[in-house]
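A.B. asks: turn this into a structure:
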Amino acid sequence: MGRAFVYVVLGGGVAAGYAALEFARRGGYSCGELCIISEEAVAPYERPALSKGYLLPEGPSRLPKFHTCVGANDELLTAKWYKEQGIELVLGTRVISADVRRKTLLTATGETISYKTLIIATGARALKLEEFGISGSDAANICYLRSLEDADKLVNAMNSCSGGNAVVIGGGYIGMECAAALVTNKIKVTMVFPEKHCMGRLFTEKIAEYYESYYTSKGVTFTKGTVLTSFEKDSTGKVTSVILKDGNHLPADMVVVGIGIRANTSLFEGQLLMEKGGIKVNGQMQTSDSSVYAVGDVATFPIKLFDGDIRRLEHVDSARRTARHAVAAILEPSKTRDVDYLPFFYSRVFTLSWQFYGDNVGEVVHYGDFTSNSPRFGAYWVGKGQILGAFLEGGSREEYEALSVIVRRKTKVSNMSELEKQGLAFSVQESKKDVPDSGVTLGEKPAFVWYATAGVVAAVSISAFGYWYGRKRRRW
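C.D. replies: This is a model prediction of the structure:
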């Protein structure tokens with residue numbers, strides 16, 4: 001028993017939805033030639049909504065509101081849309097093996113699905129406590145957050161925990177965003193992580209200090225420099241206390257674990273080249289096998305801005321961009337340049353909103369007001385006399401766009417003291433200077449404009465699904 005397709009997208013997350021939209025807009029396939037295989041039972045959706053609008057106590061976002069591609073202010077791709085476009089959704093289906101040489105995938109039900117061109121969009125999975133020697137994460141009140149099923153379990157736990165105590169394990173993206181959601185749901189929160197400060201992979205100590213202070217004002221307690229070792233449970237198997245390495249016992253009516261992710265590469269190990277925890281691809285998102293492409297969290301790809309250094313980026317913007325680029329390369333290889341991605345990260349919690357562009361390496365220069373409840377502050381990372389990275393809290397769309405411009409241009413800095421003095425004004429002024437045209441990716445706006453615009457729209461679109469929080473990996 002089997003089916004054959006020309007194009008198969010393996011994975012049903014953000015990248016799959018954006019790949020589908022790019023296929024539909026470019027054409028190049030006939031009805032029934034393209035399919036998306038997903039373990040989840042629903043069409044691709046904007047995963048960031050799960051840690052944002054989905055967890056709100058009032059007016060929470062629910063499907064179909066956040067199917068792709070609304071995160072980039074684009075079309076809403078429901079199951080009906082896929083049918084109208086002649087794209088087959090193979091949902092609730094787990095692929096248990098892949099044979100790259102034979103170009104086949106085997107499902108858990110025994111069906112063989114063959115392809116001519118494969119796009120691997122398998123994303124990543126949440127790291128589990130068991131991988132660090134801690135048992136018991138199958139308890140009903142221990143939650144992870146990666147899928148819709150995870151989000152539903154988390155919502156149910158929150159609903160039964162109002163006024164109670166939650167312990168959040170991990171101080172990264174998921175930990176910070178879930179902590180904000182828990183507080184909004186009137187739950188007392190303690191965050192536990194081994195690093196010196198939150199968001200250790202990105203934030204400087206000074207930046208982290210502001211957010212930790214803000215969270216503390218909202219009722220969050222930080223327990224840093226230690227880790228979870230075990231749990232205490234009641235007779236029903238529910239966690240009642242979290243035991244830390246430093247000997248402390250934290251009361252817990254629920255636990256949220258966000259200790260990092262690992263790329264889903266296992267189906268292709270030994271068949272495709274791997275590097276830095278992902279599937280290695282070239283500038284066309286093409287793997288070591290010419291008929292196979294990889295996109296999103298699972299792909300390790302060259303960053304031109306970093307002189308071709310290859311990186312595996314764990315962020316929704318990268319998933320969207322690399323998926324679209326892969327489709328362009330598949331359908332129009334002679335017209336598609338190598339991907340030229342500007343690394344971009346953002347978050348929006350309570351009334352706060354920040355964006356980061358580039359790489360957080362080099363000497364750091366902070367600027368702005370770190371004391372206000374309506375903050376506007378930021379930082380530049382400078383190396384070899386050039387801007388390599390830039391962070392801004394509380395900026396406007398135009399200001400965020402200015403940051404993206406100077407990072408992409410690697411704007412020169414001659415005086416660090418003057419840079420600190422000028423602060424954000426430096427970006428705004430330098431971004432307005434004319435430079436030679438560096439070309440356009442995928443026939444759209446210049447890349448630096450697109451990245452900034454897409455990021456802002458994504459943040460606004462996802463947050464607009466309901467009331468926002470402020471209204472009423474480092475590995476373990």
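
A.B. asks: quick one: residue 230 from residue 258, how far?
C.D. replies: The gap separating residue 230 from residue 258 is 19 Å, by C-beta to C-beta, to the nearest Å. C-beta: built from backbone N, CA, C; applies to glycine.

A.B. asks: who has more neighbours out of those two?
C.D. replies: residue 258 (28 against 15; other C-beta atoms under 10 Å).

A.B. asks: and the residue lying closest to that one once chain neighbours are set aside, what is it in contact with?
C.D. replies: Distances taken as C-beta to C-beta, 6 or more residues apart in numbering put residue 174 closest to residue 258, at 3.1 Å, once the chain neighbours are dropped. Listed by C-beta atoms under 8 Å, 6 or more residues apart in numbering, the contact set of residue 174 reads 51, 145, 256, 258.

A.B. asks: how about the second one, secondary structure?
C.D. replies: Spelled out, that is residue 145. coil (DSSP: H, G, I helix; E, B strand; the rest coil).

A.B. asks: mind pulling up the pLDDT for it?
C.D. replies: The model reports residue 145 with a pLDDT of 97.

A.B. asks: return the distance of it relative to residue 257.
C.D. replies: Distance of residue 145 to residue 257, computed by C-beta to C-beta: 9 Å.

A.B. asks: overlap in contacts of these two?
C.D. replies: Counting by C-beta under 8 Å, 6+ apart, the contacts common to residue 145 and residue 257 are residue 126.

A.B. asks: low-confidence ranges, the protein, go.
C.D. replies: By pLDDT under 70, the weakly predicted segments of the chain are 436-476.

A.B. asks: helix, strand, or coil at residue 237?
C.D. replies: Secondary structure state of residue 237, per three-state DSSP, is coil.

A.B. asks: same thing with residue 279?
C.D. replies: Secondary structure, three-state DSSP: residue 279 is strand.

A.B. asks: beta partners of the closest residue to it other than its chain neighbours?
C.D. replies: Nearest residue to residue 279, sequence neighbours excluded (C-beta to C-beta, 6+ apart): residue 294, at 4.1 Å. Counting by DSSP bridges, residue 294 is bridged to residue 120.

A.B. asks: correct me if wrong: residue 294 contacts residue 275.
C.D. replies: No. Using C-beta atoms under 8 Å, residue 294 is not in contact with residue 275, being 11.3 Å away.

A.B. asks: show me which of those two is the more surrounded one.
C.D. replies: residue 294 (30 against 13).

A.B. asks: and stretch 286-302, which residues are buried?
C.D. replies: 286-287, 292-302 (16 or more other C-beta atoms under 10 Å).

A.B. asks: so of the residues you listed, which ones are in strands?
C.D. replies: Among these, DSSP state E puts 292, 293, 294, 299, 300, 301, 302 in strands.

A.B. asks: quick one, what contacts residue 5?
C.D. replies: Residue 5 neighbours (C-beta under 8 Å, 6+ apart): 32, 33, 34, 35, 88, 113, 114, 115, 116.

A.B. asks: next one: residue 253
C.D. replies: 141, 160, 161, 164, 165, 166, 187, 240.

A.B. asks: one more time with 6 Å, if that's ok
C.D. replies: Applying C-beta atoms under 6 Å, 6 or more residues apart in numbering to residue 253 gives the contacts 161, 164, 165.

A.B. asks: same deal with residue 21?
C.D. replies: residue 69.

A.B. asks: same question for residue 164.
C.D. replies: Counted by C-beta under 6 Å, 6+ apart, residue 164 has contacts 187, 253.

A.B. asks: just checking, residue 304 touches residue 339?
C.D. replies: No. Judged on C-beta atoms under 6 Å, residue 304 makes no contact with residue 339 at a distance of 7.9 Å.

A.B. asks: out of the two, which sits in the more crowded spot?
C.D. replies: For residue 304 versus residue 339, the count of surrounding residues by other C-beta under 10 Å is larger for residue 339: 27 against 17.

A.B. asks: state the distance from the residue nearest to residue 75 when sequence neighbours are not counted to residue 59.
C.D. replies: Using C-beta to C-beta, 6+ apart and skipping residues adjacent in sequence, the residue nearest residue 75 is residue 69, 5.8 Å away. Taken as C-beta to C-beta, the spacing of residue 69 relative to residue 59 amounts to 22 Å.

A.B. asks: of these two, which one has the most company?
C.D. replies: residue 69 (24 against 11).

A.B. asks: quick one: neighbours of residue 251, just the number.
C.D. replies: The burial count for residue 251: 15, using other C-beta under 10 Å.

A.B. asks: for it, give the beta-bridge partners.
C.D. replies: Residue 251 has the following beta-bridge partners by DSSP bridges: residue 241.

A.B. asks: mind listing the helices for this structure?
C.D. replies: 14-26, 79-84, 148-159, 173-184, 205-217, 316-331, 397-409, 416-422, 424-431, 447-463 (DSSP state H).

A.B. asks: for the closest residue to residue 47 other than its chain neighbours, which residues are in contact?
C.D. replies: Once flanking residues are discounted, residue 47 sits nearest to residue 14: 5.4 Å by C-beta to C-beta, 6+ apart. Listed by C-beta under 6 Å, 6+ apart, the contact set of residue 14 reads 47, 316, 319.
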